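*Asks:* With the input below, show me the fold.
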Amino acid sequence: MKSIVVMSILLSSLFAHAGLAGDWTGFGYWTFKGEGDGVRCSPMTMKWSETKNTIAIESGFFDCELVAMHVYKTEWTIVDGKLFDESQKEVGSYNGTEFQVYMPSPNEKTTIAISAKREANHYDYQEVWFNEFEKVYVIEARFFTGGQ
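*Replies:* So this is what the prediction gives:
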């Protein structure tokens with residue numbers, strides 16, 4: 001019984017400090033301008049990497065029935081929990097379990113907000129493409145371990 005308790009404590013501390021690095025698979029939904037429940041996305045994959053001073057989305061793919069999205073490498077520098085883009089502009093925050101960032105989209109009138117929150121063997125992900133008038137796309141997902 002003692003070994004089960006010790007193992008449980010060790011695993012809890014491992015997950016508490018694991019961050020987002022690794023290969024992840026999950027499922028979610030993609031909605032357009034708040035119309036209905038959106039389309040189901042399954043599978044969804046993402047690969048993250050981390051160092052002491054950087055965090056990056058290395059790659060990903062969201063297969064969402066009628067629409068799909070390839071995710072390409074994007075990296076941020078971490079300084080005192082703040083995230084900076086390649087031009088050294090502060091764009092978000094990361095504390096080892098919660099990630100928040102704002103970035104431009106291919107459409108200059110739209111901004112992308114990405115958030116991810118790690119808990120145990122999964123993380124919850126949200127990506128919102130928005131402009132000054134509305135949320136254009138909302139992608140919400142849960143990704144499961146494959147993380148380090």
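
*Asks:* tell me which element the most centrally placed residue in the chain falls in.
*Replies:* Central residue check for the chain by Cα atoms, centre = their mean: the C-alpha nearest the mean position is that of A116, 4.1 Å away. Using DSSP states H and E, A116 maps to strand 111-119.

*Asks:* what's the answer for R40, then?
*Replies:* Assessed by DSSP H and E, R40 sits inside strand 39-50.

*Asks:* Same check on F143?
*Replies:* Using DSSP H and E, F143 sits in strand 135-144.

*Asks:* all helices in this structure, in order from the N-terminus.
*Replies:* For the chain, applying DSSP state H gives helices covering 2-16.

*Asks:* Low-confidence stretches in it?
*Replies:* Screening the chain residue by residue with the criterion pLDDT under 70, one finds the ranges 1-18, 146-148.

*Asks:* Go again with 90.
*Replies:* Low-confidence segments of the chain (pLDDT under 90): 1-18, 33-38, 65-69, 105-108, 120, 145-148.

*Asks:* who touches I78 in this structure?
*Replies:* Counting by Cβ atoms under 8 Å, 6 or more residues apart in numbering, I78 makes contact with 52-55, 84, 94. Using the backbone N, CA and C atoms, a C-beta is placed for each residue, glycine as well.

*Asks:* I'm done for today, thanks for sticking with me.
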